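Need a 3D model of the sequence below.
(chains A and B, ligands or ions: 1)
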Amino acid sequence: MRGLGLAAAIAPIAILATSAGAQFAGGYRYQTGQDLYTHICQGCHMPDGKGATGAGAYPALAGNPKLQSPLYPVLVMLKGQKAMPSFSELSDAQIVEVTGYIRTKLGNNFPGAVTAEQVKALRAQAVRQNALRPG
Amino acid sequence: MRDELPALMSRRSLFSMIGKTAGIAVMYEAMATMAYAADSTFRQPIALTGAPKGSSVLILGAGLAGMVAAYELGKAGYKVQILEYQGRPGGRNWSLYGGDTYTELGGFKQNIEFDKGLYLNPGPWRIPHHHKAILHYCQLLGVQLEPFIQINYAAYVHSTKAFGGKPQRYRSVEADFDGYVAELLAKTVQQDKLDRPVTKEDREILLQALRGWGALDKNYAYVKSEDASNRRGFDHPPGGGLDAMPTPTDPVSLEDMIRGRLWRSIGSSKAYDVQQTMFQPVGGMGMIGKAFGKELGEIIRYNAKVTEIRQDKRGVTATFVDTLKGGAPQTAHADWCVCTIPASVLSQIPINVGAPMKAAIDALPYAASAKVGLQMKRRFWEEDEGIYGGITYTDQPNSMISYPSTDFFKRGKGVLLGAYTFGPNAVEFTAMPPEERIAKAVEYGANIHPQYREEFETGATVAWHRVPWTLGCAGSWTEETRAAHYNDICAIDGRIVMAGEHVSMIPAWQEGAVLSSLDAIGRLHKRIVQG
Ligand SMILES: Cc1cc2nc3c(=O)[nH]c(=O)nc-3n(C[C@H](O)[C@H](O)[C@H](O)COP(=O)(O)OP(=O)(O)OC[C@H]3O[C@@H](n4cnc5c(N)ncnc54)[C@H](O)[C@@H]3O)c2cc1C
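Residues are numbered from 1 along each chain as shown, chains lettered A, B, ... in the order given. All right, here's what the predicted structure looks like:
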């Protein structure tokens, strides 16, 4: 319903409704890898980075061989993956920080790092998240 | 519209006559023909008949989509069975009561300690009057409905950055916004500065409209007046006898109105899906799922975690694990399958559907949302502040406070919705352990209602990315992903069809789940019957 064909027909309402949405849809103020991890990522990947399992599962970041490539987590954050939403609202610097954190903390010790320039170069692939508001 | 009233009335009595004499189905049809029921695509209850003898349908998931499918296909003569991961029916249709326990992903466990009769609706909590399909099933199942108060002019709009952090009544925020906008527009009209030609006569009409809409004075100014106070409230309201004379309030200044940004929240309740009248089931939203579960009884196999879905020329087989008893994986088989497992989970389950449907399942991110319920020792919002139901909006991370739409004037305790968040705020709430979410909701709420500090007793919280059986609140489509995948997720793939809120254009509403199910089983039945 919202934000689609109706938008034109109910323009004044849509403007108000979107601005109400904008109020809640800012970015994230955290800057260090640790702060970003504990205020965002650990919601799903858990404080210890070991993921969790129910009817479906969240993959562990601790000991995850996919993190060998520093660009892998960057792309996942920019594009999202399956049910994981993209986090492309994070800045290049924030993505660098998170990438460093999950590759060298949580029991990991993967060599290498990404730079803000590399993240920037991948921005073209970024997916913008739709800020869904449930009923 | 007004002019049409007599005609409408007579049409309505015509409909009720048709309804009485020819039955509901004919009435719906008559209404639809006269373009009268166009506020919903639900025209009439589905009535499938003529299932081939012995044919069977396996349904995955006992949320609303799955249970509607089981109920209607069963009535049509199919042999139906549901496999459900949880130990209860309803899925996202769910309420938490005192005595319940809830363990989210990561092993964080809550013992809910609400008093008897009090509850939190962690997911769905309101149903608009035009969600006719879900309302139909409430009526059918005997689920009692009561009004849900969406908009309350006595509730607050709050910003930490405006008016010294002092919450403002919704009525004054809306009155000042409407008033000043009307005044500015009236000036433009009077000075003939509208950017399109308007006849002199239309200008007069428009000015009258603006005066009425904005509560302007005779000079088209929005000023302190009885008219304006009739919208925004009085310092001393009109009374009786010697205490009768009202004292009007001062509107805030135009600059404060603009810069305070409180107007951001007054549009929310104008959207189609939250327009009054709204409803809620008496006793908690979960009453719908419970009633459905009771109706279906043994048809639902609980604690069955589906781990694989295979189809071939002869039918569909689901492999599942009994999450209580454990043991070797078991299988369930049927001729056809309606799968309502959320795409977040389904994308991790091996399933042999065609590439387009698989791509659709894998293309759907699930959004964040978190709620916190807070039990208070007394209903201070009613007793001290005259707030009966409705929503207070705030720019703090908890986003809103909602007051119970039931038990008005009752002495004693009540449960507030202390936080209901989306987007980044919800992500941050999700990353906290449950007790911190509750503590934060109390902290933010106390900036609006200082009574919190005295009256808070116990809380409960659900952050949807940590819900073990949905891994998120709802499927978050964009225009691009819909264009690329929506038709593919709706298609019948061999012997499998998908249903659920994520297979609808009303995502994150129960109506979407029900309508998608009705559409899916209608098409499936046709396919089966026509061969
Ligand atoms: C925060 C929030 C607020 C909302 N507000 C409203 C509102 O106010 N009004 C409204 O109408 N709607 C609202 N909704 C939306 C509404 O809850 C959903 O649209 C609807 O309940 C979805 O029904 P469903 O049948 O599609 O999915 P579900 O109810 O999720 O059903 C899917 C079922 O599949 C089961 N399952 C999952 N994995 C497996 C597996 N591997 N094996 C077996 N079973 C499995 C699950 O346990 C679940 O029971 C809200 C939702 C949320 C999260």
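
looking at it, B:Asp273 is touching B:Trp509, isn't it?
Yes. Counting by C-beta atoms under 8 Å, B:Asp273 touches B:Trp509, with 6.7 Å between them. Every residue, glycine included, has its C-beta placed from N, CA and C.

who's in contact with residue 54?
Chain wasn't specified; assuming chain A. With contact taken as C-beta atoms under 8 Å, 6 or more residues apart in numbering or on different chains, A:Gly54 is in contact with B:Tyr85, B:Leu105, B:Val467, B:Pro468, B:Trp469, B:Leu471.

um, chain B though
B:Lys79.

can you confirm it is in a helix?
No. Assessed by DSSP: H, G, I helix; E, B strand; the rest coil, B:Gly54 does not belong to a helix; its assignment is coil.

Kindly report the residues of the stretch 251-400 of chain B close to the ligand.
B:Ala304, B:Lys305, B:Val306, B:Thr340, B:Ile341, B:Pro342, B:Val345, B:Ser369 (C-beta under 6 Å from any ligand atom).

just those that are near chain A?
When contact is defined as C-beta under 8 Å from any C-beta of the partner chain, these meet chain A at B:Lys305, B:Ile341, B:Val345, B:Ser369.

State the helix or strand in which the first one lies.
So that's B:Lys305. In this assignment (DSSP states H and E), B:Lys305 forms part of strand B:304-311.

okay, that strand in CSV with CA atoms only?
Coordinates of each C-alpha in strand B:304-311 appear next as CSV, following Å, rounded to 0.1, in the frame of the first residue of the first chain:
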residue,chain,number,x,y,z
ALA,B,304,7.3,-29.6,14.1
LYS,B,305,10.3,-27.8,12.6
VAL,B,306,10.3,-28.2,8.8
THR,B,307,13.8,-28.7,7.5
GLU,B,308,13.3,-29.7,3.9
ILE,B,309,10.6,-29.5,1.3
ARG,B,310,10.6,-31.7,-1.8
GLN,B,311,8.1,-32.1,-4.6
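
Measure how buried whatever residue of the stretch 201-350 of chain B ends up closest to the ligand is and give me the count.
Residue nearest to the ligand within the stretch 201-350 of chain B (C-beta to the nearest ligand atom): B:Val306, separated by 3.5 Å. Neighbour count for B:Val306, taken as other C-beta atoms under 10 Å in any protein chain shown: 23.

Just the buried residues of the ones next to chain A among the residues of the stretch 251-400 of chain B next to the ligand.
B:Lys305, B:Ile341, B:Val345, B:Ser369 (16 or more other C-beta atoms under 10 Å in any protein chain shown).

Check whether the third one really touches B:Thr470, as I assumed.
Yes. The criterion here is C-beta under 8 Å, and B:Val345 meets it with B:Thr470 at 7.1 Å.

which residues of the stretch 401-531 of chain B fall in strands?
B:414-422, B:456-463, B:496-498 (DSSP state E, counting those that start in this stretch).

Check chain A too.
Along chain A, counting by DSSP state E, strands occupy A:52-53, A:57-58.

Name the stretch among those that sits most buried.
strand A:57-58 (a mean of 18; mean count of other C-beta atoms under 10 Å in any protein chain shown).

That one vs chain B: in contact?
Yes. Contact of strand A:57-58 with chain B (C-beta under 8 Å from any C-beta) involves A:Ala57, A:Tyr58.

Burial check on the closest residue to A:Tyr37 other than its chain neighbours, number of neighbours?
Distances taken as C-beta to C-beta, 6 or more residues apart in numbering or on different chains put A:Tyr101 closest to A:Tyr37, at 5.1 Å, once the chain neighbours are dropped. By the criterion of other C-beta under 10 Å, A:Tyr101 has 22 neighbours.

Contacts only, for A:Tyr101.
A:Thr32, A:Gly33, A:Gln34, A:Leu36, A:Tyr37.
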